[in-house]
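Enquirer: Give the three-dimensional model of this entry:
(chains A and B, ligands or ions: 2)
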There are 2 protein chains.
Amino acid sequence: MIQYSLIFNILSALIAIVSFFMFIPLGIAIYGQNTEVVLAFLYTIVPTVVVCVVVYLATRPYRRRYLRAKEGFLLVTLSWLAASAIGALPFFISGEIPAYTDAFFETISGFTTTGASILTDIEAMSPALLFWRSLTHWLGGMGIVVLTVAILPILGVGGAQLMRAESPGPTLEKISPKVAETAKILWLIYLGLTVLETALLMFGGMNLFDALTHTFGTLATGGFSPKAASVGHYNSAYIDIVITVFMVAAGLNFGLYFRALQGRFRDLIKNTEFLAYLAIFGGSTLILAFSLNKVVYQGFAESLRYAGFQSATVLTTTGYATADFDLWPAFSKYILFFLMFIGGCSGSTGGGIKVIRIVTLFKQAVNEMKYLFRHKGVHVVRINGEPVRKDFIYTVVGFFTLYMLCLLVTTAVVSTGGYDLVTSFSSALVTVGNIGPGFAKVGPTMNYAFYEPYIKWVLSIAMLVGRLEVYTVLVLLVPSFWRR
Amino acid sequence: MIQYSLIFNILSALIAIVSFFMFIPLGIAIYGQNTEVVLAFLYTIVPTVVVCVVVYLATRPYRRRYLRAKEGFLLVTLSWLAASAIGALPFFISGEIPAYTDAFFETISGFTTTGASILTDIEAMSPALLFWRSLTHWLGGMGIVVLTVAILPILGVGGAQLMRAESPGPTLEKISPKVAETAKILWLIYLGLTVLETALLMFGGMNLFDALTHTFGTLATGGFSPKAASVGHYNSAYIDIVITVFMVAAGLNFGLYFRALQGRFRDLIKNTEFLAYLAIFGGSTLILAFSLNKVVYQGFAESLRYAGFQSATVLTTTGYATADFDLWPAFSKYILFFLMFIGGCSGSTGGGIKVIRIVTLFKQAVNEMKYLFRHKGVHVVRINGEPVRKDFIYTVVGFFTLYMLCLLVTTAVVSTGGYDLVTSFSSALVTVGNIGPGFAKVGPTMNYAFYEPYIKWVLSIAMLVGRLEVYTVLVLLVPSFWRR
Ligand SMILES: [K+]
Ligand SMILES: [K+]
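Expert: Ligands and ions are numbered 1, 2, ... in the order given. I've put the predicted structure just below:
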């Protein structure tokens, strides 16, 4: 039996916390004397908090101390859905996004750190709502880090499994002090990076509002910008470099910061995913820079600046833009297309398939080849210098297959609207991969406003499925999940 | 030590056999009094046979009775390369294909049963060379069936592994009588199907030449047609249906015909791949028919005819055309794009990833999901009603990863020519998958003539890698393959 009272108990607490964060944009709206937006936030916050308190109190007596795997999956999925459904209300009630479908799309795009937008005129939005829009990224990013580093491994999902020394079993009780402690440290790291990037951006000439919103978009690898021209608006090499560095930092496994803080630097140097991630970023930056030099940009330094920014924004699945890469030469465009499949590290705010999975698949493939002509001796895949557990490879395979399946199904749905293959497939790729901008009709200077409502809903779900490591949501579709 | 004398001994025998088959187009050229083509064949056959006899006799004394795995991979790769290099000569020497790069591309496209063509005016070619072009399909298809059903499983490659009751080890000696016997039966089945389809096509009004060449293209899932408009030239529902049925038949595992001949029909009904293949074909035909009805074609019967033909031609990776699917609605086009990833059954002449691998990946993914919420009990992937060996899943994963890697690398190379993503990616997909026609610049009514020579060479290698189940060729790139 799935114990719904327990799920709703935790859910109501989480949603109440999200509502409290609406006080910040509410403050901005009050300061800007924007009555409509003030009311929109109040009409959202008050009923939400009331409902949350009632649900919390009503479900409290039935609360168990165990959270089982099934309840965990349901809770996580419902958290993102509920946060998006409620987070969309201020946009809708204020009338700044007239259709609820669009408001929901924008908000789930925020909480899933996708950054795909339906806004056709970003700068016409009120500052309070633009701030809320970027804040959904920051909250979503924080949620994802806690989820993937601290919670999903316990439920048996995700690359972080690798780091699990022994299986602690699926009950929350045993590890809840540990989860709380880990979450607290992660939260401090996230907060520290936020303060640091904001300060550095302000040093580069941004005002506090711009610096904060762009920091939210960077650290969450989200990509929403309050500027129509995205980061390109500032046309500053300094800002480009700061954001490039922090995007790369946000694509790292947050567990590694944890280790670095403990002084365990040797763990970093031995970390396969960390090294592969840096190699991919460095390699693609160089290849891109050479392919752009004298073709799109005049000097190599300029080519390197744009190449680094675009490599970082696509590899980490952030989606900020300083150039319309859809106009780049075919080969340069293709490198970015290729990076879209990879994504950040496990336990980062980045989306995509994740570096660790790509590396594992590749190592497994090479291993299989060696096995073909050397039957003797045991060939094992090594990650971080240790032989990998066989289960891990199975999990990766399952993930990869389901990920591809999501891409295929999403592409099929989009193509029913009559859109060309590049538009359909890249829409799927950048929503499931939580990237944001794609190619053709959904290129970096485009938006998702033109899609039919049913396509917007499907893309919203695609973002959710991709963000929650595919398994978390798809497991709900297995009939036996609901049995007994 | 790799024993090259043994490899060249077998290779020279194989190439001599291929040369003997050139006597048929030679006969056609003599009958047509086409002196240039007669000479082109003689200039190819005579030196080739002389060299083969010399090499064969020279290497015979050093011949061992064992063929080891390494030698097997090298032999298979060299066979296809050498057959293509020599098979290209008549096209080149006669001057009908002026560039050797083009002649090689056309011939390896034939022997790998890809059917991608550089010919801009097919019907201007002499009948003898058109016949030879189609004959390369037939020989290549036969080679692939023997390879995948009888030889690769011994080397540890391919879906057919699944059928191997016990591992006979990597020596050819132990099983050579069995290989010879199996090859003989497969040859008879292939010949029987050839006679049957040729007769049925002649009954539909084709002359012997057209019936034979189209049969070669069908059974090899090759797709070369001596007509510019491909099968659409005949505009006959009867011919469309006959070819559809035989394409589907050619995409079946030839081991199943073997079992059917032995009266083991229960094996067919229990065969997971067989059932999945028919389900995919049936499903895509119906979906396509509904998506085309009243949009492209007027009646449902007509829609079904074109839908069935296109489903079969793409799923089995044949590549014959009766309609320019690049002009179809986005969704219909997308269904075909999706089928391009699947391909035929293992042990058929079809290319692609193969149905068994797709089914295995999918079952493994569902299994992983169940494992997430039901830790108790053993979950196993079942194929043909039996639990699958864990190694098989590893092989499938390795294959899938390498296949994707080939697609990515090939796309990258094509995109350096400045071609758009759809052209670049679909060129990779249809060469690695041995399909032939793709989308955009390489659509069903287009050809590959416009590509730069270096791209043609890379696509030629892509066809070879895809055709030889990826592993067979890529294993040669592992440095330790050449060590010791
Ligand atoms: K993003
Ligand atoms: K083909």
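
Enquirer: what about the stretch 51-200 of chain A, any weak spots by pLDDT?
Expert: Applying pLDDT under 70 to the predicted model, the residue ranges of the stretch 51-200 of chain A that meet it are A:64-66, A:150, A:152-179.

Enquirer: where exactly do the helices run in it?
Expert: If DSSP state H, counting those that start in this stretch is used as the criterion, the helices of the stretch 51-200 of chain A fall at A:69-87, A:89-93, A:100-111, A:127-145, A:152-155, A:172-203.

Enquirer: any idea how far B:D240 is from the spatially most central residue of chain A?
Expert: For chain A, the residue sitting closest to the mean C-alpha position, by Cα atoms, centre = their mean, is A:T113 at 4.1 Å. Plainly put, A:T113 is 50 Å away from B:D240 if you go by Cβ to Cβ, to the nearest Å. Every C-beta, even on glycine, is put in place using the N, C-alpha and C of the backbone.

Enquirer: picking that back up, let's have the helices of the stretch 51-200 of chain A in CSV, adding mean neighbour count.
Expert: CSV is the format used below for these (neighbours: other Cβ atoms under 10 Å in any protein chain shown):
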stretch, mean neighbour count
helix A:69-87, 21
helix A:89-93, 23
helix A:100-111, 26
helix A:127-145, 25
helix A:152-155, 24
helix A:172-203, 16
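
Enquirer: which parts of chain A sit against ligand 2?
Expert: Where proximity means Cβ under 5 Å from the ion, chain A presents no interface facing ligand 2.

Enquirer: And the strands in chain A, which stretches?
Expert: Taking DSSP state E to define them, one finds strands in chain A at A:382-383, A:386-387.

Enquirer: What strands line up against the first one, and which way round?
Expert: If you go by DSSP bridges, strand A:382-383 pairs up with strand A:386-387 (antiparallel).

Enquirer: Contacts for the partner strand, please.
Expert: Strand A:386-387 is contacted from outside by A:380-381, using Cβ atoms under 8 Å, 6 or more residues apart in numbering or on different chains.

Enquirer: Ok, stretch A:253-268 next?
Expert: With Cβ under 8 Å, 6+ apart, stretch A:253-268 has contacts from A:145, A:149, A:160, A:163, A:182, A:185-186, A:189-190, A:271, A:273-274, A:345-348.

Enquirer: do that again at 7 Å, thanks
Expert: A:145, A:149, A:163, A:185-186, A:189, A:271, A:273-274, A:345-348 (Cβ atoms under 7 Å, 6 or more residues apart in numbering or on different chains).

Enquirer: State the mean pLDDT of that stretch.
Expert: Confidence for stretch A:253-268, expressed as mean pLDDT, is 83.

Enquirer: how far does it stretch from start to finish?
Expert: With Cα to Cα, to the nearest Å applied, stretch A:253-268 spans 10 Å between its terminal residues.

Enquirer: mind listing what's buried in that stretch?
Expert: A:253-258, A:267 (16 or more other Cβ atoms under 10 Å in any protein chain shown).

Enquirer: what's the answer for stretch A:41-60, then?
Expert: Of the residues in stretch A:41-60, A:41, A:44-45, A:48-49, A:52, A:55-56, A:59 count as buried by neighbour count, 16+ other Cβ under 10 Å.

Enquirer: which parts of the stretch 301-450 of chain A sit against ligand 1?
Expert: Residues of the stretch 301-450 of chain A lying close to ligand 1 (Cβ under 5 Å from the ion) are A:317, A:319, A:436.

Enquirer: And the last one, what's its pLDDT?
Expert: The predicted structure scores A:G436 at 90 on the pLDDT scale.

Enquirer: what's the neighbour count on it?
Expert: The burial metric for A:G436, expressed as a neighbour count using other Cβ atoms under 10 Å in any protein chain shown, is 31.

Enquirer: Does it touch A:S426 like I think?
Expert: No: shown here, A:G436 and A:S426 do not form a contact pair, counting by Cβ atoms under 7 Å, at 10.9 Å.

Enquirer: List the contacts of the residue nearest to the centre of chain A.
Expert: A:T113 is in contact with A:137, A:140-141, A:144, A:220-222, A:349, A:351, A:434, A:467, counting by Cβ under 7 Å, 6+ apart.

Enquirer: Distance-wise, check it relative to ligand 1.
Expert: Per Cβ to the ion, to the nearest Å, A:T113 is found 5 Å from ligand 1.

Enquirer: go on, A:T401?
Expert: Counting by Cβ to the ion, the gap from A:T401 to ligand 1 is 23 Å.

Enquirer: Make sure that residue is actually in contact with B:L361.
Expert: Yes: under the criterion of Cβ under 7 Å, A:T401 makes contact with B:L361 at 4.4 Å.

Enquirer: picking that back up, which of the buried residues of stretch A:253-268 fall within helices?
Expert: Of the positions in the buried residues of stretch A:253-268, A:254-258, A:267 sit in helices, assigned by DSSP state H.

Enquirer: need the residues you listed in JSON lines with distance to ligand 1, can you?
Expert: Shown next, in JSON lines, are those (distance: Cβ to the ion, whole Å):
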{"residue": "A:F254", "distance to ligand 1": "17"}
{"residue": "A:G255", "distance to ligand 1": "21"}
{"residue": "A:L256", "distance to ligand 1": "21"}
{"residue": "A:Y257", "distance to ligand 1": "20"}
{"residue": "A:F258", "distance to ligand 1": "24"}
{"residue": "A:D267", "distance to ligand 1": "28"}
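
Enquirer: which one among these gets closest to B:V381?
Expert: Sorting those by how near they are to B:V381, with Cβ to Cβ, puts A:G255 at the top with 31.6 Å.

Enquirer: ok, back up a step: adding distance to B:P226, write the helices of the stretch 51-200 of chain A out as JSON lines.
Expert: Shown next, in JSON lines, are these (distance: least, Cβ to Cβ, whole Å):
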{"stretch": "helix A:69-87", "distance to B:P226": "57"}
{"stretch": "helix A:89-93", "distance to B:P226": "62"}
{"stretch": "helix A:100-111", "distance to B:P226": "53"}
{"stretch": "helix A:127-145", "distance to B:P226": "58"}
{"stretch": "helix A:152-155", "distance to B:P226": "58"}
{"stretch": "helix A:172-203", "distance to B:P226": "66"}
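
Enquirer: Contacts only, for whichever residue of the stretch 51-200 of chain A sits closest to ligand 2.
Expert: With Cβ to the ion, the shortest gap between the stretch 51-200 of chain A and ligand 2 falls at A:A116, namely 37.5 Å. Applying Cβ under 7 Å, 6+ apart to A:A116 gives the contacts A:109, A:430-431, A:436, A:448.

Enquirer: swap the cut-off to 8 Å and go again
Expert: Residues A:105, A:109, A:319, A:430-431, A:436-437, A:442, A:447-448, A:459, A:463 are the ones in contact with A:A116 under the rule Cβ under 8 Å, 6+ apart.

Enquirer: from these, which is closest to A:L407?
Expert: Relative to A:L407, the closest of these is A:T431; by Cβ to Cβ it sits at 9.5 Å.

Enquirer: what's around that closest one, how many residues?
Expert: Counted by other Cβ under 10 Å, the residues lying close to A:T431 total 34.

Enquirer: The one 10 residues further on too?
Expert: Each residue near A:K441 was counted by other Cβ under 10 Å, and the total is 19.

Enquirer: Ok, A:H233 next?
Expert: Under the neighbour criterion other Cβ under 10 Å, A:H233 is assigned a count of 17.

Enquirer: next one: A:V470
Expert: When counting by other Cβ under 10 Å, one arrives at 25 neighbours for A:V470.

Enquirer: Could you report the distance from it to A:V242?
Expert: Relative to A:V242, A:V470 is positioned 32 Å away (Cβ to Cβ).

Enquirer: do the same with A:M142
Expert: For A:M142, the distance to A:V242 (Cβ to Cβ) stands at 21 Å.

Enquirer: One more: A:C52?
Expert: 38 Å.

Enquirer: That concludes my questions; thank you for your assistance.
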